[in-house]
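*Asks:* I'd like to go over a predicted model; first the sequence, then the structure.
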Amino acid sequence: MGLPRLGGRKALVLFDPSKTYPQLLQGYFAERFEELGGTITATEGIDPQADPLALPPTGDVDLVFLGVETAEDAARVIPILRASGYAGPILGGDGYDAQAIWANLPDISNVYFTTHAYLGADSQNPRVRAFLDAYAAAYPGQAPSAFAALGYDAVYLLAAALERAGQAAPAAVTTGLSGLEDFKGVTGTISFQGTDRIPTKSVTILQIADAKQHFVAQVIPQSVPNP
């Protein structure tokens, strides 16, 4: 599946202001969306646990960015958005990455989110396949999350940094990571350029449809807002 071009120019941002992660995530999205020529029509804080949960009208927006902490939160808000009449794309972050949640919502679709890696059984990535096989051997009957793959890559990044530095010492980690380029990991390609210690890293885009998470694309962002 190729990278979808949703053609969004106007976006409504909904987020949970009680949590740091959604606060930061919606800020990153809004800044980059506007840099690319988009317009944020409104930014509204919501409580995904509220009962009843009242949402603002979406109006004529092209997409909704829903910044929440977990897939459980997203799975509560999205059906209410759909019931209100909004059928357009919904975007979110890696908190959505929980296949077990979406397996119970076969009617949810047109939802996209970014995460660290796609670990589905149908992955064609040889590094992912090798990781899945190793994980299954180590933890029979359990499925790894993208965060497990991220931790796996972190260990091998540490080893690569120490090897480049030529010594096993805390300061050598920084030295070894500086200038490291095109590290091929389970979660994508990672490079450390410049002096800010923030890596350039692949991002995986997944789509929710038919009660499953589907691989869409893996991209390296051209620009990332400052933290």
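*Replies:* Cool, got the structure. Source: prediction; values computed, not measured.
*Asks:* domains of this protein?
*Replies:* 10-115, 126-200 (automatic domain parsing).
*Asks:* For Ala217, find the nearest of those domains.
*Replies:* Ala217 lies closest to domain 10-115 among these, at 10.0 Å (CB to CB). C-beta: built from backbone N, CA, C; applies to glycine.
*Asks:* average pLDDT for the closest one?
*Replies:* Averaging pLDDT along domain 10-115 gives 96.
*Asks:* Next, the distance between the ends of that domain.
*Replies:* Using CA to CA, to the nearest Å, the end-to-end distance of domain 10-115 comes to 23 Å.
*Asks:* Mind jotting down where the strands sit in this structure?
*Replies:* Taking DSSP state E, the strands of the chain run over residues 10-15, 39-45, 63-67, 90-92, 111-115, 183-185, 188-191, 200-201, 203-209, 212-219.
*Asks:* now those strands in JSON lines, with mean neighbour count?
*Replies:* Conversion of the strands of the chain to JSON lines gives the following (neighbours: other CB atoms under 10 Å):
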{"stretch": "strand 10-15", "mean neighbour count": "23"}
{"stretch": "strand 39-45", "mean neighbour count": "14"}
{"stretch": "strand 63-67", "mean neighbour count": "25"}
{"stretch": "strand 90-92", "mean neighbour count": "25"}
{"stretch": "strand 111-115", "mean neighbour count": "22"}
{"stretch": "strand 183-185", "mean neighbour count": "17"}
{"stretch": "strand 188-191", "mean neighbour count": "18"}
{"stretch": "strand 200-201", "mean neighbour count": "18"}
{"stretch": "strand 203-209", "mean neighbour count": "21"}
{"stretch": "strand 212-219", "mean neighbour count": "17"}
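*Asks:* Reformat those as a markdown table; add distance to Arg164.
*Replies:* Conversion of the strands of the chain to a markdown table gives the following (distance: least, CB to CB, whole Å):
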| stretch | distance to Arg164 |
| --- | --- |
| strand 10-15 | 39 |
| strand 39-45 | 42 |
| strand 63-67 | 37 |
| strand 90-92 | 36 |
| strand 111-115 | 28 |
| strand 183-185 | 10 |
| strand 188-191 | 13 |
| strand 200-201 | 17 |
| strand 203-209 | 25 |
| strand 212-219 | 25 |
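*Asks:* Out of those, which is closest to Phe131?
*Replies:* strand 183-185 (9.3 Å).
*Asks:* helices or strands up against that closest one?
*Replies:* Packing partners of strand 183-185 (3 or more CB pairs under 8 Å, 6 or more residues apart in numbering; DSSP states H and E): helix 146-165, strand 188-191.
*Asks:* among the strands of the chain, which is nearest Leu105?
*Replies:* Put simply, out of the strands of the chain the one that sits nearest Leu105 is strand 203-209, at 8.0 Å, with distance taken as CB to CB.
*Asks:* And that closest one, what does it pack against?
*Replies:* With 3+ CB pairs under 8 Å, 6+ apart as the test, strand 203-209 has strand 111-115, strand 212-219 packed against it.
*Asks:* want to throw these into JSON lines with distance to Tyr96?
*Replies:* Shown next, in JSON lines, are the helices and strands packed on strand 203-209 (distance: least, CB to CB, whole Å):
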{"stretch": "strand 111-115", "distance to Tyr96": "4"}
{"stretch": "strand 212-219", "distance to Tyr96": "8"}
